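Chemist: Fold the stuff below for me.
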Amino acid sequence: MVKAKITVNGYGTIGKRVADAVRAQDDMEIIGVSKTKPNYEAAVAHQLGYNIYAPAANLEAFEKAGIPAAGTIEEMVEKADLVVDCTPGGVGEGNKPIYEKAGVKAIWQGGEDHSLADFSFNAICNYDQAVGRDLVRVVSCNTTALCRAIYPIDKEMGVKKVRVVLARRAADPNDIKKGPINAIVPDPIKLPSHHGPDVKSVLPQINITSAALKIPTTLMHVHTVNMEVNKDCTAEDVKNIFGSQPRIRLVGQGISSTAEIMEFSRDMGRPRNDMWENCIWPDSITVNEKELYFFQAVHQESIVVPENVDAIRAMMELESDGSKSIEKTNKAIGLYNK
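Modeler: Prediction:
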């Protein structure tokens, strides 16, 4: 089997997870990862055997730090079939000319605008439309979770409208620069938030409005979701639909908080305590006159990782069937939600 040659531009919170997930697949391989500075993440990447590439101006700094660089970022890109850009939001747009010059396919993350790739991806929703594409944007953590929950309900019952409030973590666990420390911040104050329009970039038929708050926690986001559907249904019907989804986990057994979800992930032995699935509390699922309500928790550091792998597989035409790709990705990284 000829493996697809993949590089990860930006070995940070998302990039290091994507690199490990790609490495676990049998139909793709990591050619290299990039770092701008020879910090602890670069040192660990070197220890793990990744070829590290850096900006030309920083190559000497890597050598002095005892982290040998394999070359420049441009040289890394030249060796790839596809680049997964995991640089910070707003930075990836500036890398597009590099990818175009090298003639490689590229994936960006949800921090970039939809217009950068003119296609926004979620594996369960539109895998088939990504097959063979050159440019793709994998939507953000919150949008990924909303698409995974909305799509199967719309398919089975028809969704008339969605209203969602997102309680967003203020920063990632390793982030020492952001807050709030002792506040709840409407973000944005002017409604609606961008999350609804972002869902529509994947599911344009969905009538959705969103509002968001930043709260002083680092673990996960939590969504309060209200959907109005076209068909009569029961809470049990909704649970059965969610329970059949490959990347939704129904959390119970005494789990009543995001802290316990993260502890559950640790106890399962997940790498970096990652929870790649939407976590929906089945006891929260309530139906009243064709309106359903539920809470779901979203691990912002990892939920988009399997989506990136599936996007690679679609773009490189390694698998035309989205459900087969999802199954393959899940098995390789150890995502078992039943």
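
Chemist: What mean pLDDT does the longest strand seen in the chain get?
Modeler: With secondary structure taken from DSSP state E, the chain has its longest strand at strand 159-169. Per-residue pLDDT over strand 159-169 has a mean of 97.

Chemist: What helices and strands are in contact with it?
Modeler: Judged by 3 or more CB pairs under 8 Å, 6 or more residues apart in numbering; DSSP states H and E, the packing partners of strand 159-169 are helix 141-157, helix 195-200, strand 208-215, strand 221-229. The C-beta positions use only the backbone N, C-alpha and C, and glycine is treated the same way.

Chemist: first vs last residue of stretch 4-19, how far apart are they?
Modeler: Distance between the two ends of stretch 4-19: 13 Å, counting by CA to CA, to the nearest Å.

Chemist: Run through the chain and note the low-pLDDT ranges.
Modeler: Filtered on pLDDT under 70, the chain yields the residue ranges 338.

Chemist: need the helices for it, in chain order.
Modeler: Taking DSSP state H, the helices of the chain run over residues 15-23, 40-47, 59-64, 73-78, 92-102, 123-130, 141-157, 195-200, 235-243, 258-267, 305-315, 322-333.

Chemist: tell me which residues of the fifth one are tucked away?
Modeler: Using 16 or more other CB atoms under 10 Å as the burial criterion, the residues of helix 92-102 that qualify are Gly92, Glu93, Asn95, Lys96, Ile98, Tyr99, Ala102.

Chemist: Most widely separated two among those?
Modeler: Across the buried residues of helix 92-102, the longest distance by CB to CB is 16.4 Å; it joins Glu93 and Ala102.

Chemist: contacting residues for the residue nearest the centre of the chain?
Modeler: Of all residues in the chain, the one closest to the mean position by CA atoms, centre = their mean is Val304, 1.3 Å from it. By CB atoms under 8 Å, 6 or more residues apart in numbering, the residues touching Val304 are Ile14, Gln109, Gly110, Val138, Val139, Ser140, Cys141, Thr144.

Chemist: ok, the second one - how many residues close by?
Modeler: Same thing as Gln109. 24 (other CB atoms under 10 Å).

Chemist: And for the third one?
Modeler: Applying other CB under 10 Å, we find 22 residues neighbouring Gly110.

Chemist: Check the gap between it and Gly90 for me.
Modeler: To Gly90, Gly110 is 12 Å away according to CB to CB, to the nearest Å.

Chemist: Gly179 now?
Modeler: 20 Å.

Chemist: same deal with Ser256?
Modeler: 37 Å.

Chemist: Then Lys190?
Modeler: Distance, Lys190 to Gly90, by CB to CB: 20 Å.

Chemist: Same check on Glu260?
Modeler: 34 Å.

Chemist: Which one's more surrounded, these two?
Modeler: Glu260 (14 against 10).

Chemist: Contacts only, for the more buried one.
Modeler: So Glu260 contacts Gly254 (CB under 8 Å, 6+ apart).

Chemist: Which residue ranges make up the domains of the chain?
Modeler: What automatic domain parsing lists as the domains of the chain is 4-139+304-333, 141-298.

Chemist: and the gap between the residue lying closest to Ala145 once chain neighbours are set aside and Ala65?
Modeler: Nearest residue to Ala145 in three dimensions, chain neighbours excluded: Val298, at 4.4 Å (CB to CB, 6 or more residues apart in numbering). Counting by CB to CB, the separation of Val298 from Ala65 is 35 Å.

Chemist: More neighbours: which of the two?
Modeler: Val298 (27 against 15).

Chemist: Hmm, Tyr50 is touching Ile31, no?
Modeler: No. Tyr50 lies out of contact with Ile31 (CB atoms under 8 Å); the separation is 9.4 Å.

Chemist: what residues are shared contacts of these two?
Modeler: Common contacts of Tyr50 and Ile31 (CB under 8 Å, 6+ apart): none found.
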